[in-house]
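*Asks:* need a structure here:
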Amino acid sequence: VERVRQAIEGVSKKTPKDLKKKIQQFKNLATMEATLLQTTEAMVNEHKRVLDEMHRLEVQDPQVLVNEAVDCHLRTIVSDQAKSKSRCSLCKVSDKFKDYEKVLFREVTTKDNYEHLELDDVRIFGQLQTIVWAAGDTERVLKTLLSYAKLKNADETWLKDGATHLKVIEAKKKEFKSLRFLWSQINDYVSAVDELNMCKLRFRVRMENEPVVKQQARKKGANLSSNLQNRVEHIHVIEPHEVEPQVLRLTLERSEGERGLRRRKGQLHYLLNLEQNDIASDGADNPETCPICARTLGKQWTVLVCGHCFCVECLEEVKRRRANKRSVGCAVCREETALGEVSYVNTLMQPELEARKQSQVDAEPQPTSLADLKKLGYSAKAGAVVRAAKAILNANPADKILVFSAWTSMLDVLQRALTENNISCAQVGSGKKFQEAIDLFKDAQKKVTVLLLPVARGSKGLNLTEARHVFLIEPILNPASELQALGRVHRIGQDKETEVHRFLVRGTVEERLHAVLSHAKGQEEPLTLRDLYDMFASQNSANPAAESEPEEQDQLN
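*Replies:* Numbers count the residues shown, from 1 in each chain. Sure, this is the predicted structure:
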């Protein structure tokens, strides 16, 4: 009896009240025998009921099942008739499954008084009872008794019968899962048939003698309800004033579908031409020209959803220049194509393909000048940052640089530009990535020479005296934030001169903003209306597109 009590307490997730009630059922041999007999008979009876109900479902006419499900739960009737609905066979069998599941598996009741359940984005508080597919109390008690009988060298026949009974329970558990899956398949089939029936319903106007379908009144707090809203019974019956909006909506859907059909037909026609001309075979050349660079597509090209083809290099350049990195626009018809839907055609033979890949790796150009960076789609400011970093590292490879910017997207661009120029860099991220980037920069063995930081997160609380140079990519509006950023390097423990590099684009608001902020330092009233007017006034620069260079280099001793 003590072993049985320990077995129940060891796995029970019930509340203390329910656990005490369960232990009382096994407090002595008499109550234990009565409880085991009762639960075993209940398991046999529920098993028989489930099998009988499932057999009725299998032989029942599918259309009858569909009609019953429609009247029961598949569609909602917003009227008084909803109260008189009868439960369908599927729902009745589902209830039988729940009863059988309770005696076959373990029921879990939360120990906490309040647990929450998420349903349709609504949080419900209350005591939660669930069924887990683990050994139930009856099975665990039988296993405990069998192990105790083996320990006491009980009769071999008893041991054999006990092991057989446990195998039967295990087989019933496996059978339950299969039966439940079969019920789910039947339920899905009924729902699918009803869906098809609803698709075949034609819109019609409500007749004069037909009762008006009442709109379900929205009660106070209805948005907090967790009841699933099913399909409405009379969704195909519309009022006379709804005819014109429905016609307009369906007309738009039809035109959209026809456009999609024409587009797909064009793609099919293009692919059939490729097959007919034997262009898509191994080793074949595509004689068409790229609409962008006018070069022959050759053996490698890309195909957009619209069916137009481009060489791989041009498409990569278009992708690089796009602000939206999720799609690419066709240069011919302007249709947008998601990057995942771009098709890449490669007719190179395998040996030729491997040779070309190796040659591309060996001859890959490394952009070192501003002109090369511009060709790759980088801005003048990014080129100036790369040139300044290269000049510093060429003069002293041991120097390290901090780069501050208010824009994370700008830091992403700078990281790509620096990496393509073989400058080892790390960008501060969020969470664990923040500390990982700092550790990489501080570790002398990693040889990370540039650390990219956002002003909002990287300008406070860090000791980065390993660096000597600070790059400010744009003017910082808050002077305190600028001083905090410079303080990451120019602080106690720094034994070198700290150099500050500011990057401003000539003839833009950046240059005027820097002038205003520099003039306002130390004044009681930093900004006046005249300052703001001068800052945002349009000024014609002789060369507004000139290269960005470090306009100012300060030394902090």
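*Asks:* switch to C-alpha atoms for all contacts and neighbour counts from now on
*Replies:* Will do.
*Asks:* Who are the packing partners of the lengthiest helix in the chain?
*Replies:* In the chain, assigned by DSSP state H, the helix with the most residues is helix 156-199. Applying 3 or more CA pairs under 8 Å, 6 or more residues apart in numbering; DSSP states H and E, we find helix 156-199 packed against helix 62-69, helix 89-104, helix 137-151.
*Asks:* What's the first helix or strand after that helix?
*Replies:* Downstream of helix 156-199, the first helix or strand assigned by DSSP states H and E is strand 204-205.
*Asks:* Pull up the pairing partners for that next one, direction included.
*Replies:* Strand 204-205 sits in its sheet next to strand 237-238 (parallel), going by DSSP bridges.
*Asks:* same question for the partner strand, mean pLDDT?
*Replies:* What strand 237-238 shows for mean pLDDT is 82.
*Asks:* Show me what that strand is in contact with.
*Replies:* With CA atoms under 8 Å, 6 or more residues apart in numbering as the contact definition, strand 237-238 has outside contacts at 203, 204, 205, 206.
*Asks:* picking up where we left off before, got the angle between the longest helix of the chain and helix 89-104?
*Replies:* Relative orientation of helix 156-199 versus helix 89-104 (axes from the mean of the first three to the mean of the last three CA atoms, to 10 degrees): 150 degrees.
*Asks:* Using CSV, list the CA coordinates for the helix or strand harbouring residue 383.
*Replies:* Here residue 383 sits within helix 380-395, counting by DSSP H and E. Below are the C-alpha coordinates for helix 380-395, written out as CSV (Å, rounded to 0.1, in the frame of the first residue of the first chain):
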residue,chain,number,x,y,z
ALA,A,380,30.3,58.6,-51.3
LYS,A,381,30.3,58.7,-47.5
ALA,A,382,30.9,54.9,-47.2
GLY,A,383,33.8,55.3,-49.6
ALA,A,384,35.3,58.1,-47.5
VAL,A,385,35.0,56.0,-44.4
VAL,A,386,36.7,53.0,-46.1
ARG,A,387,39.5,55.3,-47.4
ALA,A,388,40.1,56.9,-44.0
ALA,A,389,40.1,53.5,-42.3
LYS,A,390,42.6,52.1,-44.9
ALA,A,391,44.9,55.1,-44.5
ILE,A,392,44.9,54.7,-40.7
LEU,A,393,45.6,51.0,-40.8
ASN,A,394,48.3,51.4,-43.5
ALA,A,395,50.1,53.9,-41.3
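*Asks:* Are there helices or strands packed against it, and which ones?
*Replies:* helix 370-375, helix 408-420, strand 498-504, strand 549-556.
*Asks:* circling back to that earlier point, could you flag which of the contacts of strand 237-238 are buried?
*Replies:* residue 206 (16 or more other CA atoms under 10 Å).
*Asks:* Including pLDDT and distance to residue 466, could the contacts of strand 237-238 go into JSON lines?
*Replies:* Shown next, in JSON lines, are these (pLDDT from 0 to 100; distance: CA to CA, whole Å):
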{"residue": "203", "pLDDT": "82", "distance to residue 466": "74"}
{"residue": "204", "pLDDT": "85", "distance to residue 466": "77"}
{"residue": "205", "pLDDT": "86", "distance to residue 466": "78"}
{"residue": "206", "pLDDT": "83", "distance to residue 466": "80"}
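*Asks:* Which single one of the contacts of strand 237-238 is nearest to residue 456?
*Replies:* residue 203 (57.6 Å; CA to CA).
*Asks:* what's near enough to touch the closest residue to the closest one other than its chain neighbours?
*Replies:* Nearest residue to residue 203 in three dimensions, chain neighbours excluded: residue 236, at 4.8 Å (CA to CA, 6 or more residues apart in numbering). By CA under 8 Å, 6+ apart, the residues touching residue 236 are 201, 202, 203, 204.
*Asks:* measure the third one to residue 239 for me?
*Replies:* Spelled out, that is residue 203. 10 Å (CA to CA, to the nearest Å).
*Asks:* try the second one
*Replies:* According to CA to CA, residue 202 and residue 239 sit 14 Å apart.
*Asks:* These two: who's more crowded?
*Replies:* The neighbour count for residue 202 versus residue 239, taken as other CA atoms under 10 Å, is higher for residue 239 (13 against 9).
*Asks:* so the more buried one sits right up against residue 206, yeah?
*Replies:* Yes: between residue 239 and residue 206 a contact is recorded at 5.8 Å, counting by CA atoms under 8 Å.
*Asks:* Residue 411 is in contact with residue 452, correct?
*Replies:* Yes: assessed by CA under 8 Å, residue 452 is found in contact with residue 411 at 6.4 Å.
*Asks:* residues bridging contact with the two, i.e. touching both?
*Replies:* In contact with both residue 452 and residue 411: 405, 427, using CA under 8 Å, 6+ apart.
*Asks:* Compare neighbour counts for these two and give me the winner.
*Replies:* residue 452 (26 against 22).
*Asks:* And the more buried one, how far from residue 319?
*Replies:* If you measure residue 452 against residue 319 using CA to CA, the figure is 24 Å.
*Asks:* Would you state the helices of the stretch 401-550 of the chain in chain order?
*Replies:* Assigned by DSSP state H, counting those that start in this stretch, the helices in the stretch 401-550 of the chain fall at 408-420, 432-442, 455-458, 479-486, 509-520, 529-536.
*Asks:* Remind me what the host helix or strand of residue 45 packs against, helices and strands.
*Replies:* Counting by DSSP H and E, the element that carries residue 45 is helix 29-59. Packing partners of helix 29-59 (3+ CA pairs under 8 Å, 6+ apart): helix 89-104, helix 137-151.
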